[in-house]
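S.K.: next comes the sequence, and after it the predicted model I'd like to discuss.
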Amino acid sequence: MDDEPLTERRSVTGPHVFGYLRHLTGSTARHTALADCLTEYCHSHELTLCGVFTDREPAVAIHAPAFVGLLDALQLPDVYGVLVPALGHLGPRPVAAERKRLIAATGVRLIVVRSARPAAGNERLVRLQLKGGT
């Protein structure tokens, strides 16, 4: 019998993703919590988080420094996607729409940790949670 560990017990890297955050206000602890949210999502979905780009400027330009860095990183081989905590991190609607277009043009996926809409069939559960029920 072969004594090699099973695949489930070997260290395997998942698809490579990069995170993107807009962190304009709040503490370092808030930024750390957002980055930890991305890390935990990657861990639970077998993704490899290769880095997190953060824009901190209040003015929202489509080509903000960290977003341009993100676009450059997406040109690397074997990049699977971009991970954001919520769509609001891409900016206001017109900016977010253009940023989504630019991300899609690279051929990678945009992964949103918390979507604005509940998944199909979960509307009742979300209503119960909002009311404080279980």
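M.R.: Nice, thanks for sending it over.

S.K.: helix or strand for Cys50, just tell me which one.
M.R.: Counting by DSSP states H and E, the secondary-structure element that holds Cys50 is strand 48-55.

S.K.: packing partners of the helix or strand containing Phe67?
M.R.: Phe67 is part of helix 65-73 when elements are defined by DSSP H and E. Helix 65-73 sits against strand 16-22, strand 48-55, helix 93-105, with contacts defined as 3 or more C-beta pairs under 8 Å, 6 or more residues apart in numbering; DSSP states H and E. Any C-beta I mention is one placed from the backbone N, CA and C, and that applies to glycine too.

S.K.: for the chain, which residue is closest to the average position?
M.R.: In the chain, the C-alpha closest to the average C-alpha coordinate belongs to Leu83, at a distance of 1.8 Å (C-alpha atoms, centre = their mean).

S.K.: give the pairing partners of the helix or strand hosting it; include direction for each.
M.R.: With secondary structure defined by DSSP H and E, Leu83 is part of strand 79-84. Sheet pairing here is set by DSSP bridges, and for strand 79-84 it gives strand 16-22 (parallel), strand 109-112 (parallel).

S.K.: check which residues of the last one are buried.
M.R.: Of the residues in strand 109-112, those buried by neighbour count under the rule 16 or more other C-beta atoms under 10 Å are Ile111, Val112.

S.K.: let me see the mean pLDDT of it.
M.R.: Summarised as a single mean, pLDDT over strand 109-112 is 97.

S.K.: dump that strand to PDB, restricted to CA.
M.R.: Below are the C-alpha coordinates for strand 109-112, written out as PDB (Å, rounded to 0.1, in the frame of the first residue of the first chain):
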ATOM      1  CA  ARG A 109     -14.000  36.800 -12.700                       C
ATOM      2  CA  LEU A 110     -15.300  39.400 -10.300                       C
ATOM      3  CA  ILE A 111     -16.200  37.700  -7.000                       C
ATOM      4  CA  VAL A 112     -18.400  39.600  -4.500                       C
END
